[in-house]
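> Provided below for reference: sequence and predicted model.
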Amino acid sequence: MPIARLLAILMLSLAGAVAQAQQPAFWSPWSPELTPTPRSEAAEIADLMRAGKSENALERADTYLQTHARDLQVRFLRAVVLIDLGRAEEATEVLEHLTQEFPELPEPYNNLAVLAASQGGLDRAERLLQQSLAAQPNYVTAQENLGDLYASMSAVAYERAAKLDPSSAALKSKLALARDMTTKLKATR
């Protein structure tokens, strides 16, 4: 899964969590409810990531986590930044800790699955996506990623079968279809 898609997923999950000032039921220019709420640290880090300043985002997350070590959103964002910086091993460690501390959250499992799949660990990716869906059965992103994974797994299986029977026209056709589908799926991300 490309980093841009990971960020889009992350931004959607953060959108509901970012504090925003709300308009009171009865508006008055003197209403104390009009005092804007400061933006969260997670929102500021996400802005840095969107601006392509991943190193700055990581530095800000690390600094913030020194005094707020339990902040779930910033810890998750830190993992996403590490992925963006190509530091998959560190990101994996962060995400695994999150799954241990917060097994009810689907996002860390989903992101671990994406990392596993990108490294060729398709079976592990499938298990992680199943864990993500066990945590939240209606998690659309994990469901979609599972479909993408199954398409990739089918191409791998047809390729193995075609090597075993190179003269099979049916296997060649199925392999071509599977490859075409995975190529088209990658183009829609």
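That came in fine, so what should we check first? Numbering: from 1, shown residues only.
> is residue 92 in contact with residue 118, as I believe?
No. With contacts counted by CB atoms under 8 Å, residue 92 stays clear of residue 118, the gap being 10.9 Å. No exception for glycine: its C-beta is placed from N, CA and C like everyone else's.
> who has more neighbours, the two?
Under the criterion of other CB atoms under 10 Å, the comparison of residue 92 against residue 118 puts residue 92 first, with 18 against 13.
> excluding chain neighbours, give the residue nearest to that one in space.
residue 115 (5.7 Å; CB to CB, 6 or more residues apart in numbering).
> and the helix or strand hosting residue 91, what's its mean pLDDT?
Assigned by DSSP states H and E, residue 91 belongs to helix 88-101. Rounded to a whole number, the mean pLDDT of helix 88-101 is 96.
> tell me which residues of it are tucked away?
Neighbour-count burial for helix 88-101 flags 90-92, 94-95, 98-99 (criterion: 16 or more other CB atoms under 10 Å).
> by contact count, what packs against the next helix or strand after that helix?
Going down the chain from helix 88-101, the next helix or strand is helix 106-118, by DSSP H and E. The elements that helix 106-118 packs onto, with contact taken as 3 or more CB pairs under 8 Å, 6 or more residues apart in numbering; DSSP states H and E, are helix 3-15, helix 72-84, helix 88-101, helix 122-135, helix 140-164.
> list the buried residues in the last one.
The reference is to helix 140-164. Neighbour-count burial for helix 140-164 flags 141-142, 144-146, 148-149, 151-155, 158, 161-162 (criterion: 16+ other CB under 10 Å).
> so it versus helix 106-118, what angle?
Computed with axes from the mean of the first three to the mean of the last three CA atoms, to 10 degrees, the direction of helix 140-164 lies at 20 degrees from that of helix 106-118.
> ditto for the fourth one
Calculated by the same axes, to 10 degrees, helix 122-135 forms an angle of 170 degrees with helix 106-118.
> next one: the second one
Between the direction of helix 72-84 and that of helix 106-118, the angle (the same axes, to 10 degrees) works out to 10 degrees.
> chain center to helix 72-84: distance?
Relative to the chain's own centre, helix 72-84 is displaced by 10 Å; criterion: CA atoms, centre = their mean, to the nearest Å.
> which strands and helices sit next to that helix?
helix 3-15, helix 41-50, helix 54-67, helix 88-101, helix 106-118.
> just the residues contacting stretch 165-176, thanks.
With CB atoms under 8 Å, 6 or more residues apart in numbering as the test, stretch 165-176 has contacts from 155, 158-159, 161-162.
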